[in-house]
Each structure stands twice: as C-alpha cells, then as structure tokens.
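1. What would the 3D arrangement of this be:
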Amino acid sequence: MLTLRKISTGSNVPAEGDQYNQLIALAQGGRLQRAAEAGRLFVVANQAAVATTAALATTWTGLGVCNPTGSGKNFLFHEFGWSLSLAGPAAGAVGLMSADSTGMAAAITARNRKSGGAASVSLCDDGATIGTPVLEQVLGSYGTAATTAFQGISLPPIDLKGSIVLVPGRSLLTYTTTACTAAFVFHFLWEEISE
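-> Predicted coordinates:
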C-alpha cells in the first residue's frame, strides 16, 4: 500500500487510486496558498499613476523591487502586472529590467499577503538614480488609444512562474520603451525565501 506524508503533522496517510490505478489527487487552495499561509508572499503596487522613463535610463521611474545586500533572502517572482489609467503618449513595449541595488529606497511599502504577517525585507521604489540596467524580457505593449476605447477590458497579470530569482544586492524594475506621463499603475508579487 502506498502512503503519503501529511505536511501539517508529519504522519502517513493512505493514498487512493481510481479504477485505472491512477493516484486520486484533490487540489485544495491555490498554488501560492502555502507561501501566503507561511507569510512568505508579498505584493507591492504603485499607489497612484506613475510616469515612466524611456528604455534603459538610469534616472528611472516606474515600480521596482530591490533585494538589499545582506537580506539573507532570495526573492522568487510569481507575478507582474500593469494598467494604463490614461492613454499612453506614444506606442511602446512594457517589460522588466534588472540592476544592482544602487539608489533604491523604501518609497512604497510592500504588503504581506498574510494579513498581519511580518514585514518584507525589500526596498520598493517608484523613482531613483539606479545602476546600469539590463532588459530582461518584454511582456506586452501599450498605445495611444483613449482608455474609454477599452470599455472595461483589463489585462491579466503576467504569471512569471517563479522564473525570476532576485539575490541580495539586485533589483527588478519596470521598463517602457518610451517616456510616459503619469498613466501606468504597476504591481509585483513575490516570495521571500531564506538563502
């Protein structure tokens, strides 16, 4: 007989199979539920629409998350999203870039997804003079159509599937190909894991 371990107690529990001898598994909760329950899951969002700088500018504005040197944590990114509150001033692409921790400060407070959980060790900022950034990936585009043209359509968040890991001393920042007036609202969702 096959047995499985119950995480909460460490005890063994019997596994069940169907008529084809396939393991019966019942999913409970979402894929990030354990991280949220453990207080390791954090989110940050611009609290008002923010202007962005063009491309790989070191006088950067947008939204960024910094894992400060000596934090003892790795940041595992699960999600990134954005919305335009106004028409963009030009067409362009939205993406993510990385840099070191230069210039990053705690301008916006990250929130623990476990209400009342411990504070994040991150530095979240919406504008700084940063180290030389490198474009990591492009995730979408924006244009000049009035937001009323979209009639309530919203973009789904980008599921990063934990594919970006930020070690201490590094930052993950928003990227737009053109400078935009205060129109974007960005967010990040990540997990903080001990090194």
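2. Give me the longest strand you can find in this protein.
-> Scanning the chain for the strand with the most residues, using DSSP state E, yields strand 180-194.
3. Now it: average pLDDT?
-> For strand 180-194, the mean per-residue pLDDT is 95.
4. who does it touch, helix- and strand-wise?
-> strand 41-45, strand 50-52, strand 59-67, strand 73-84, strand 170-176 (3 or more Cβ pairs under 8 Å, 6 or more residues apart in numbering; DSSP states H and E). For the C-beta atoms, the positions are set from N, CA and C on the backbone; glycine is no exception.
5. Sheet-wise, list the partners of the third one with their directions.
-> Looking back up the chat, that one is strand 59-67. Strand 59-67 has the following strand partners under DSSP bridges: strand 123-129 (antiparallel), strand 170-176 (antiparallel).
6. likewise the second one?
-> Strand 50-52 has its sheet partners listed here by DSSP bridges as strand 180-194 (antiparallel).
7. Report the inter-axis angle for the partner strand versus strand 41-45.
-> Counting by axes from the mean of the first three to the mean of the last three Cα atoms, to 10 degrees, strand 180-194 points 170 degrees away from the direction of strand 41-45.
8. winner for burial among the strands paired with strand 59-67?
-> With neighbours taken as mean count of other Cβ atoms under 10 Å, these reach their highest mean count in strand 170-176, at a mean of 25.
9. which residues touch it?
-> Where contact means Cβ atoms under 8 Å, 6 or more residues apart in numbering, the residues beyond strand 170-176 that reach it are 52-56, 60, 62-67, 75, 77, 82, 92-101, 104, 130, 133, 135-136, 138, 142, 164, 166, 184, 186, 188.
10. can you rerun that using 6 Å?
-> Identification of contacts with strand 170-176 by Cβ atoms under 6 Å, 6 or more residues apart in numbering yields 52, 62-67, 92, 94-99, 101, 104, 166, 186.
11. so what's Q137 up against?
-> Q137 neighbours (Cβ under 6 Å, 6+ apart): 95-96.
12. just for the protein, where's the confidence low?
-> Applying pLDDT under 70 to the chain flags the ranges 1-3, 7, 25-28, 146-154.
13. could I get the strands paired with strand 59-67 as CSV with distance to A38?
-> Formatted as CSV, the strands paired with strand 59-67 follow (distance: least, Cβ to Cβ, whole Å):
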stretch, distance to A38
strand 123-129, 21
strand 170-176, 22
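14. Of these, which is nearest R5?
-> Closest to R5 of those is strand 170-176 (Cβ to Cβ; 34.8 Å).
15. Strand 73-84 and the closest one, what's the angle between them?
-> 10 degrees.
16. mind checking how far strand 170-176 is from the chain centre?
-> How far strand 170-176 lies from its chain's middle: 11 Å, per Cα atoms, centre = their mean, to the nearest Å.
17. again with stretch 68-82
-> Worked out by Cα atoms, centre = their mean, stretch 68-82 lies 8 Å from the chain centre.
18. Go through that stretch and flag the buried ones.
-> Using 16 or more other Cβ atoms under 10 Å as the test for burial, stretch 68-82 gives 68, 71, 73-82.
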